[in-house]
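Trainee: pasting a predicted model and its sequence here:
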Amino acid sequence: MLAPQDDIVSLIQLAKAGDQEAFASLVLLYENELCGYLTSLLRDRDEVQDCAQQSFLKAWEKLSTLKDEKSFKTWLYTIARNVTCDYLRRKRKILLQSWEDLEEYSIIDWVSSIEEQATQAELINLALAELAPKLRACLRLDAWGCSRYEISQMLEISASSVGTYLSMARKQFRQAYSRLEDES
């Protein structure tokens, strides 16, 4: 749970003055939530940790550019989104695991649940991939509990447009997911 807004603003002001402990407290306050958001973008724990660490490092380096302390979360998420986009541009990789490398008992025990989870995850990812980037980002940020104002700031759209974007994203996602589910 995050600290009251006044406490967060105080920590930000101290961190802006160079107080590393205050910034460390901010990291502790936002780390889990930010990693959750990054997990929705990357889904690989190591990549999430790397991007979160880079995001916090960049936030520390650029903290003096933050104009409104009350917008810290929005500002941090924008940095994280940009770090993640840069990372994905630089590194397009596919991780493959050979079925032959898995021991037979693990396949017997887990294959049905893994297949079901993998199928559902794949359908979700394919349905999300069909959405326009801003619609997809809007939907993900909403799922991670960002307010409409925060979403508007992070995506650089008007706050009044966020509701429209979310409505369109949900409708298009449901349609794509249903279609993909019927095809499989």
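Mentor: Cool, got the structure. No experiment lies behind these values; they were computed from the predicted model shown.

Trainee: would you map the strands across the chain?
Mentor: Remark: strands of the chain are absent; assignment by DSSP state E.

Trainee: how about low-confidence regions in it?
Mentor: Scanning the chain for pLDDT under 70 picks out 1-5, 89-119, 184.

Trainee: could you chop it up by domain?
Mentor: Here the domain assignment for the chain is 1-93, 109-184, based on automatic domain parsing.

Trainee: any chance of those domains in TSV, with mean neighbour count too?
Mentor: All C-beta spots, glycine's among them, are computed from the backbone N, C-alpha and C. Shown next, in TSV, are the domains of the chain (neighbours: other CB atoms under 10 Å):
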stretch	mean neighbour count
domain 1-93	16
domain 109-184	15
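
Trainee: nearest spatial neighbour of R148, chain-adjacent residues omitted?
Mentor: Excluding its sequence neighbours, the residue lying closest to R148 (CB to CB, 6 or more residues apart in numbering) is V162, at 4.3 Å.

Trainee: check contacts around that neighbour.
Mentor: With contact set as CB atoms under 8 Å, 6 or more residues apart in numbering, V162 has these partners: C138, R148, I151, S152, L155.

Trainee: residues contacting the most centrally placed residue in the chain?
Mentor: The centre of the chain sits closest to Y37, judged by CA atoms, centre = their mean, with a distance of 2.6 Å. Applying CB under 8 Å, 6+ apart to Y37 gives the contacts Y77, A80, R140, L141, W144.

Trainee: pretty sure E33 sits against L141.
Mentor: No - counting by CB atoms under 8 Å, E33 sits too far from L141 to count as a contact (11.5 Å).

Trainee: could you pull up phi and psi at C146?
Mentor: The phi/psi pair for C146 (degrees, to the nearest 10) reads phi -70, psi 140.

Trainee: separation between the residue nearest to R148 and R43?
Mentor: According to CB to CB, to the nearest Å, V162 and R43 sit 24 Å apart.

Trainee: look up how far E61 lies from S25.
Mentor: Distance, S25 to E61, using CB to CB: 18 Å.
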